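Chemist: My questions concern the predicted model and sequence given below.
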Amino acid sequence: MISKAYLVTSAVIFALVAISHFIRLVNHWSIAVGTVTFPFWGSWLAVICASALSIWAVRLATKWTTSPQ
């Protein structure tokens, strides 16, 4: 059973990921691990996916009702 706290926590985490990638895009920060640099299109993809997952979790959390079983 999914709890409302889990949905809210997921929404906040995904929102923070989306915001951090958006800030990276606005400030033109590059990410490099060793000799590999990550492209900016990856951050655009991350912003879209993380935002969608955050919105989805928020919508599920707002519809949440406790029903006796």
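Modeler: Noted; the coordinates are in hand.
Chemist: Which neighbours in the sheet does the lowest-mean-pLDDT helix or strand in the chain have, and how are they oriented?
Modeler: Lowest by mean pLDDT, DSSP states H and E among the helices and strands of the chain is strand 31-33, with a mean of 90. Next to strand 31-33 in the sheet, as set by DSSP bridges, lie strand 36-38 (antiparallel).
Chemist: what about the partner strand, distance to the chain center?
Modeler: For strand 36-38, the separation from the chain centroid amounts to 21 Å (computed by CA atoms, centre = their mean, to the nearest Å).
Chemist: swap in stretch 24-32?
Modeler: A distance of 17 Å separates the C-alpha centroid of stretch 24-32 from that of its chain, computed with CA atoms, centre = their mean.
Chemist: Quick check: buried residues in that stretch?
Modeler: Of the residues in stretch 24-32, those buried under the neighbour-count criterion (16 or more other CB atoms under 10 Å) are residue 24. C-betas here are computed from N, CA, C, even on glycine.
Chemist: No further questions, thank you.
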